[in-house]
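Chemist: okay, here's the prediction I keep looking at, along with the sequence it came from:
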Amino acid sequence: MTAFLSRALLPDSAFRSVLRANGWGVFGQSFVMLSAIPFSTIPKHDWLFFSSQNAVRFFFQNLEQQKLEIPETHWAALGVSTARVLEDFTGRVDFIGTGEPKGTSQLFRRHCARSKEVGPIIFPAARRSRQSVMTLLNLDFHCTHFEIYDNQPVPNPPQRTESVLAFTSPMNADAYFSRHQLLPQQRVVAIGGTTDRTLQHLGIAEVTIAAEPTERGLAEAVLTLGQ
């Protein structure tokens, strides 16, 4: 059995390690091109809220290049995977969401209920971010989308022949299936509900959603399809 992940496989990839331990062949490639959008100032804020590992890396890469310092702030992450990367840079994370927009927004409201006042929340993110969490929080908080990197679909992604295709974002799914059809006997896994909805819209009717929005969760979902 073979599996494909729409993400470059880093040396510590849980997707690769879990599946290879179970005898799977594993391949990875992103169908999205990323590039930094330099910034020299950061909007006034009380919270910096990151929805992806890429957002964290581009943010701190720019801070280092521009030699920028930020005042004391609160750090938030959409889910556990993003929080791990964020903590490597900050030493702490003040809020960790569920990995899904709706659950995260509900949890964040409860987290902030103990505070008398919550100041501006900045979401460093991709230019074409879906802004899902920000949209859900906008009714109760002052939120700002802060573009720090560009994300564009690869124009001609290669067709994949692996047994299972695992998609890590709506844009990756859209980039691939705008060019290719699902092959007979291929199965599809989505990292979460937003990616699943995009796949359904693209005509992929049978999608397995990972129990948790992490590479390990994706790998475990893939394993269920190989049983």
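Modeler: That came through fine.
Chemist: low-confidence ranges in this protein?
Modeler: Residue ranges of the chain with pLDDT under 70: 227.
Chemist: the helices in the chain, which residues?
Modeler: 14-21, 53-66, 80-90, 101-112, 132-137, 170-177, 193-201, 215-225 (DSSP state H).
Chemist: and the first one, how far out from the chain's middle?
Modeler: Which is helix 14-21. 19 Å (Cα atoms, centre = their mean, to the nearest Å).
Chemist: and that helix, what does it pack against?
Modeler: strand 2-5, strand 25-28, helix 215-225 (3 or more Cβ pairs under 8 Å, 6 or more residues apart in numbering; DSSP states H and E). For glycine as for every other residue, the C-beta is placed from the backbone atoms N, C-alpha and C.
Chemist: if you compare those, which one is most tucked away?
Modeler: strand 2-5 (a mean of 24; mean count of other Cβ atoms under 10 Å).
Chemist: how close does the residue sitting nearest the centre point of the chain get to Leu107?
Modeler: Closest to where the C-alpha atoms of the chain average out (Cα atoms, centre = their mean) is Ser52, at 4.2 Å. Distance from Ser52 to Leu107, counting by Cβ to Cβ, to the nearest Å: 18 Å.
Chemist: farthest residue from the center of this structure?
Modeler: Lys116 (30.6 Å).
Chemist: for that residue, give its distance to Asp46.
Modeler: Taken as Cβ to Cβ, the span from Lys116 to Asp46 is 12 Å.
Chemist: and if you look at Ile37?
Modeler: Applying Cβ to Cβ to Ile37 and Asp46 gives a distance of 23 Å.
Chemist: out of the two, which sits in the more crowded spot?
Modeler: Asp46 (17 against 13; other Cβ atoms under 10 Å).
Chemist: verify the contact between Thr73 and Trp47 for me.
Modeler: Yes. At 6.8 Å, Thr73 and Trp47 qualify as touching, with contact defined as Cβ atoms under 8 Å.
Chemist: which of those two has more residues huddled nearby?
Modeler: Trp47 (21 against 15).
Chemist: who's the more buried one bridged to?
Modeler: Listed by DSSP bridges, the beta-bridge partners for Trp47 are His74, Ile121.
Chemist: let me see the contact set for it.
Modeler: Thr73, His74, Trp75, Ala76, Asp94, Phe95, Val118, Gly119, Pro120, Ile121, Ile122 (Cβ atoms under 8 Å, 6 or more residues apart in numbering).
Chemist: now the first one. Its backbone dihedrals?
Modeler: The one in question is Thr73. phi -150, psi 180 (degrees, to the nearest 10).
Chemist: how many residues are close by Glu206?
Modeler: 9.
Chemist: look up the closest residue to Gly103, ignoring the ones flanking it.
Modeler: Here the nearest residue to Gly103 in space, its sequence neighbours aside, is Gly97; by Cβ to Cβ, 6 or more residues apart in numbering that works out to 6.9 Å.
Chemist: that neighbour touches Ala76, doesn't it?
Modeler: Yes. At 7.4 Å, Gly97 counts as touching Ala76 under the criterion of Cβ under 8 Å.
Chemist: now do the shared contacts for the two.
Modeler: Phe108.
Chemist: Val32: what's it in contact with?
Modeler: Per Cβ under 8 Å, 6+ apart, neighbours of Val32: Asn151, Gln152, Pro153, Val154, Ser169, Met171, Asn172, Ala175.
Chemist: and the buried ones among the residues you listed, selectable in PyMOL?
Modeler: Remark: buried members of the contacts of Val32, expressed as a PyMOL selection using 16 or more other Cβ atoms under 10 Å:
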select buried, resi 151+153+154+169+171+172+175
